[in-house]
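Chemist: next comes the sequence, and after it the predicted model I'd like to discuss.
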Amino acid sequence: MSASAWLRSTPAPVSPIGSPLPRIGRGAGGEGFSARMTRRRPRSRGRIDTRWKTWTLAATNPVVINQPIVPARPARKSRAERDDARFAFWLVLPTLLVVISVSIYPVAYAVWTSLHMINPAMGMNAWVGLDNYRNVFVQQEFRTAAAVTFRFAASVTILTVLLGLGMALVLNQPFFGRGLMRSVLLVPWAMSGTVVGVVWAWIYDGGYGTLNGVLYQLGIIDTYIPWLANFDIPILGQAALYLVVIAFVWNSAPMAALFFLAALQAVPNNLYRAARMDGASAWQRFRHITLPWIMPTMQLVLILATIGGIMAFDLIYFLTRGGPGLETTVISWLGYNTIFGFFQFGQGTAILLLLTVVALALAFVYMRMLDRKPKDHGAGVGAAEASVEDLDADLQRRSAQFTLDLAELSRASGSGEFKPRAQGWTTSRQARGLREFLIYIPVAAIFLWSLAPVVWLFICSVSPFTTLLSKPPDFTPEVTLENYRNVFTGASTANTAGVPLVAQRLPNAIVNSTIVALSTTVICLILGSLAGYAFSRYSRVKFLQPTLLGMMMTRMIPNLAILVPWFILFQTFGLSNTKQGLIICYVSFCLPLVLWIMKTYFDTVPTNLERAAAIDGCSRLQTLYRVVLPLAVPGLIAAGLFAFIASWNEFIFALILAQDVDSMTVTYVIAQIFGVIQYGPQNYGTLFAAGIIAIIPPVFLAFVFQRFLVQGLTAGSVKG
Amino acid sequence: MASSRFSRRSLAKAGLGSGFLAAAAAAPGPVREYLLSEASARQGTPEAAAADFPPLPVSPVGANVVVWTYRPDIVVDNLNIWAEMNGQPTPTFADIPGVYEYANVIAAKFLGGEQLDMMYCHSDQVNRWYKAGWIRDDLDALPWVADMKSHLRPWGIENMTTVDGQMVGLPYWAGTKYWIYNDLHFEKAGIDKAPETWEEFEDQCKTLQGAGIANPYIPYWRHDFWALGWSLFVESYSDGDYIFDDEYNLTVTDGDTPFREMLERWKRMYDTGIVPPDSFQIGDPTVRFNTGDHTFCANDDYSHKKNNDPSVSKIAGHAHNMLNPGKTHETTAISPMYVFGKNVQTPREVQDDLAQFYGAAYKDGEYHVALRWVLEEGLGTIDTNVMNMPDVVASFAEWRDVDLYNQQLELGKPRNVQKQLWYPEWEFKTLALVEDFVLGKSDIGTTLKTMQENLDGAKQLYPTF
């Protein structure tokens, strides 16, 4: 079959996160048929109006996009449009009410606080306007922290993207055990910040650390290295900062890898085959097919990684506490100390809100980049009410696109960019065998990277504590289940000093966490899928775009800035120390993300079926209930998993809002065990056992649902 | 073990039994049983004991108690015993993980309007909570306080007293940081006695290095107020330098002060490898010292017990405390305390009674709470009546030199400067300055000058009391 034939059989590309994906060719106003389909509107770059939207998008994008051709809208709203707006409004309303009602007060309170000089110990509460913000910039500590934050966030973003993409590329290859590896990949993500902090602190320790032990046993080093000590990496600066980055990325890269993996699975194989036939090298295939295809996912990962890096707090807290000197003092750590350490609530909140401003600015840039991509659902035009003319136009466009792709491949081939593959040993069976074998090298690396710290945690949990202090380490210690017994049935002795009695809260906390996380998940899925559907199908309704943006913004305010108002809110409504309170809190955090994922998923679901249902007499709600939601089950599972793990691992609000045994969660109890051990028996074995037990539920879910997770983000692309 | 001794005694007296013993049997323990049986024996029956106490009004709500997470089982047990003895509703209880998070959560609770009857408090927070109007400042008026103060260590009283002179706390536990040495290394290096001055200390470290101990000294320099912040003062005090004068002015910025010598010594020890290169990042010096790779360790005195615990230490039985090296051997000690909320629903008499049960000898003459902490956990207290009990001395003697310990506590001094509202901000910046100097990123002159500038700046933001 010819390359062009392969291309003709190629379905239209759709991003796993919902944004339409670029074709491989360039082409604003490019050659051939596409030139006739693509109009330019002079001096309109980046500005979109209803009439010119789809044409100008092609002109402003560096790559040719599948654009639906939507007729210009009439100036006055039709009755159908008014009905759309009304229907969309009712779908979005519950979500909007939830987010506004639980977020507006904390956010407003935080802003109000930042405009005041507040110090309870001085009885001071005075309006100072923007002085707090002005004062921040003259502080040397803030300037230092800003530089550190920049280095930290940039490193986290780059490494998360590179590592996530690298792991996804490997796991996208066919090899024995791929399903298992995709599950293993998720394990670090399922660990809470407290456990990650403790594990990596132990790994890096210069006296008994695991990293030293392994390197020593392998003969790579002959003396232990104090990893967190004061040494500089040329150009980059203090090593301690980058060691925290590594721990951070270990925890966060799996999420990026999943997004990339989902995106990669949506790339049609026939494109690669066609490129191979034309002699494209692996790099050329990556550069010309893979990279353009996953670009929207890249942008999504960039948003999440950047915000995560800017807001980072937990690991700094556990690993370095901002030192040595101010070398790892990031802005969130400075803000935290200013609020709670110095009792300067106004100043500290201003510092944290500046982070919000930076995060919002970056997110706005990223979202603008994402928003430039027009909608395409893979099976036709995006609007539910598209006409037969629209469908015809879409068909013509696809035909034109195939021609363009073929022309682009031919051009690349003819220009010598692709070298026809030479016949010889590289195509032989032995070579394929070698390639199939070589894939296990990066697979093993991913396996070790993802699982080694967890395996080590498990070994520690079944080892007598003193053996962990051996130098060199004993990797085959005697096995004891004492630490696990402490969690379930152990008695407090002189040597365990109350640890079992705290640890025995864990089973109950697991129940609490399960109730809270499941409830959060269900609520988020119900509200998020309704709103997500509205945002997907009725994006032309004017109030929806700013609403979506506004809800996403609530995710970008550091939790530390809104702790106190949340507590006040809970006290006022009697929600402190209740599971219901935590559920409300977590719903407000998770809902925007779930909404985003569901919107993205609905973007990938073809609209033809909805039109067919409408013709059969289904109302809008019936269509949603009977047709769309069943199709979106994988998406619901994916979004649900995100909500569940995010709720399961949350710590800061659990600390402030739920200290009662009937409401405390797993992360809270883990922190309690850590506290008791640190100031008590210094026998960390029970903490390690608790850490292992605590990750079982989310890891179990991740293992069971990873298949749906990937499908959920990509299934829509193959339905077209 | 002290606990087994108490176990035998408690068994012998168990026959005296009491109602509240049964009521609180959910968490039995030898010390607890001993205390309760002692009380029962003294009072006869619980009914008689209750009859001897002036009746308390029954609170409409249980007392609301918040502590940091440390043996919450003991705290809950004590609360239940108290409630049972006095016919009070079961107190509400929460334990917050971590010393650092604890203070933040308490601040959030007060700002949110929660009513707290009793909570733990460190000396560095007490003045803020008092100034914010959150805690009671009338404890001096309680009838049993004057007698209690007569046998408290003076620095402990000072720690619990506000800048305005009111005592606002009652003793929970007390301790200091002291130096511990590993006698196996002494033997290996031919050292026959612990160092008495910092010069001797440094010399011995060099000798130990010569004997193959790479980093003989584990300092307590982690980047936070509990470790480096405290170490700065403890070590400086040991040479008689208190860093601040009575007017809270820095006294160390000019001339060859012991503080300056200390910083220069730290840098020397860092440069020569006497301390490990990651000293500022060592999360837990106890675990590191327990590996047996080091000779000296500066640590919280109660952690010494873990150095000699074979279940967690490879040097069990070989870790000994010594008097802090230095010209005066002085130290600064802490005494975390119980403080009591100002605006509460519990009747005042009930809150007062709870205060006495926790912070002093109770109406039955027993130290129900303090003695358990001392005997079960090895925590010290500023109450010398408790510390001098033969059973307590015997209990401590199992893992520390009690005479040296008491001598060290006698040489304790308060650190009043931490009560100033500007202190946390100054300390936050000072820790970074000190680290930068030790790591060779700045010189001593700049370090001391900047410390002064930071102090001047902080004093402009906050009042000095």
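Modeler: Perfect, thanks for sending it. Numbers count the residues shown, from 1 in each chain, chains lettered A, B, ... in the order given.

Chemist: contacts only, for the residue of chain A found nearest chain B.
Modeler: Nearest residue of chain A to chain B, counting by C-beta to the nearest C-beta: residue A:323, 3.0 Å away. Yep, even glycine has a C-beta here, placed from its N, CA and C like the rest. Contacts for residue A:323 (C-beta atoms under 8 Å, 6 or more residues apart in numbering or on different chains) come out as A:240, A:329, B:222, B:223, B:280, B:281, B:431, B:432, B:435.

Chemist: am I right that residue A:122 is in contact with residue B:421?
Modeler: Yes. Residue A:122 lies in contact with residue B:421 (C-beta atoms under 8 Å); the separation is 6.4 Å.

Chemist: identify the contacts common to these two.
Modeler: What both residue A:122 and residue B:421 touch, as defined by C-beta under 8 Å, 6+ apart, is the set A:343, B:131, B:462, B:463.

Chemist: how many other residues sit next to the second one?
Modeler: This means residue B:131. Residue B:131: 23 surrounding residues under other C-beta atoms under 10 Å in any protein chain shown.

Chemist: quick check: residues of the stretch 51-200 of chain B near chain A?
Modeler: Taking C-beta under 8 Å from any C-beta of the partner chain, the part of the stretch 51-200 of chain B that reaches chain A is made up of B:66, B:68-74, B:94-99, B:101, B:103-105, B:107-114, B:127-129, B:131-133.

Chemist: in ChimeraX, how would I select just the buried ones from the residues you listed?
Modeler: Buried subset of these, written as a ChimeraX selection, criterion 16 or more other C-beta atoms under 10 Å in any protein chain shown:
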select /B:66,68,69,70,71,72,73,74,94,95,96,97,98,99,101,103,104,105,107,108,109,110,111,112,114,127,128,129,131,132
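
Chemist: of the residues of the stretch 51-200 of chain B next to chain A, which belong to strands?
Modeler: Among these, the members found in strands (DSSP state E) are B:66, B:68, B:94, B:95, B:96.

Chemist: who's in contact with the residue lying closest to the third one once chain neighbours are set aside?
Modeler: Yep, that's residue B:94 we're talking about. In space, residue B:94 comes closest to residue A:659 once its chain neighbours are excluded; the distance is 3.8 Å by C-beta to C-beta, 6 or more residues apart in numbering or on different chains. When contacts are counted by C-beta under 8 Å, 6+ apart, residue A:659 touches A:577, A:668, B:66, B:94, B:95, B:96, B:105.

Chemist: most widely separated two among those residues?
Modeler: The most widely separated members of the contacts of residue A:659, counting by C-beta to C-beta, are A:668 and B:66 (14.0 Å).

Chemist: what comes into contact with stretch A:660-668?
Modeler: Taking C-beta under 8 Å, 6+ apart as the rule, stretch A:660-668 contacts A:192-194, A:505-506, A:508-510, A:512-513, A:516, A:577-579, A:581-582, A:648-651, A:654-655, A:658-659, A:694, B:94, B:97.

Chemist: got the end-to-end distance for it?
Modeler: Start-to-end span of stretch A:660-668 (C-alpha to C-alpha, to the nearest Å) is 10 Å.

Chemist: how about that stretch: buried residues?
Modeler: Under 16+ other C-beta under 10 Å, the buried positions of stretch A:660-668 are A:661, A:663, A:664, A:665, A:666, A:667, A:668.

Chemist: between the residues you listed, which is closest to residue A:247?
Modeler: Closest to residue A:247, out of all of the buried residues of stretch A:660-668 and judged by C-beta to C-beta, is residue A:667, at 17.0 Å.

Chemist: now the closest one: how far from residue A:517?
Modeler: For residue A:667, the distance to residue A:517 equals 11 Å [C-beta to C-beta, to the nearest Å].

Chemist: cool, and residue B:199?
Modeler: Taken as C-beta to C-beta, the span from residue B:199 to residue A:517 is 59 Å.

Chemist: more crowded one of those two?
Modeler: The neighbour comparison of residue B:199 against residue A:517 (other C-beta under 10 Å) goes to residue A:517, with 28 against 11.

Chemist: name the helix or strand for the more buried one, please.
Modeler: According to DSSP states H and E, residue A:517 maps onto helix A:506-537.

Chemist: quickly check: that helix near chain B or not.
Modeler: No. Using C-beta under 8 Å from any C-beta, helix A:506-537 stays clear of chain B, coming no nearer than 12.1 Å.

Chemist: give me the neighbour count for the residue in the stretch 201-350 of chain B that chain A sits nearest to.
Modeler: Taking C-beta to the nearest C-beta, chain A has its nearest neighbour within the stretch 201-350 of chain B at residue B:223, 3.0 Å off. By other C-beta under 10 Å, the residues close to residue B:223 number 23.

Chemist: biggest helix in chain B, by residue count?
Modeler: Taking DSSP state H as the assignment, the helix of chain B that covers the most residues is helix B:444-461.

Chemist: elements contacting that helix?
Modeler: Judged by 3 or more C-beta pairs under 8 Å, 6 or more residues apart in numbering or on different chains; DSSP states H and E, helix B:444-461 is in contact with helix B:258-271, helix B:423-438.

Chemist: quick one: contacts of that helix?
Modeler: Residues contacting helix B:444-461 (C-beta under 8 Å, 6+ apart): B:250, B:252-253, B:260, B:263-264, B:422, B:425-426, B:429-430, B:433-434, B:436-437, B:442.

Chemist: which ones, among those residues, also lie beside chain A?
Modeler: Okay, of the contacts of helix B:444-461 touching chain A (C-beta under 8 Å from any C-beta), that's B:425, B:429, B:436.

Chemist: looking at those, which is nearest residue A:142?
Modeler: Looking across those and measuring by C-beta to C-beta, the closest to residue A:142 is residue B:429, at 12.0 Å.

Chemist: same question for stretch A:211-224: list its buried residues.
Modeler: So for stretch A:211-224, counting by 16+ other C-beta under 10 Å, buried means A:211, A:212, A:213, A:214, A:215, A:216, A:224.
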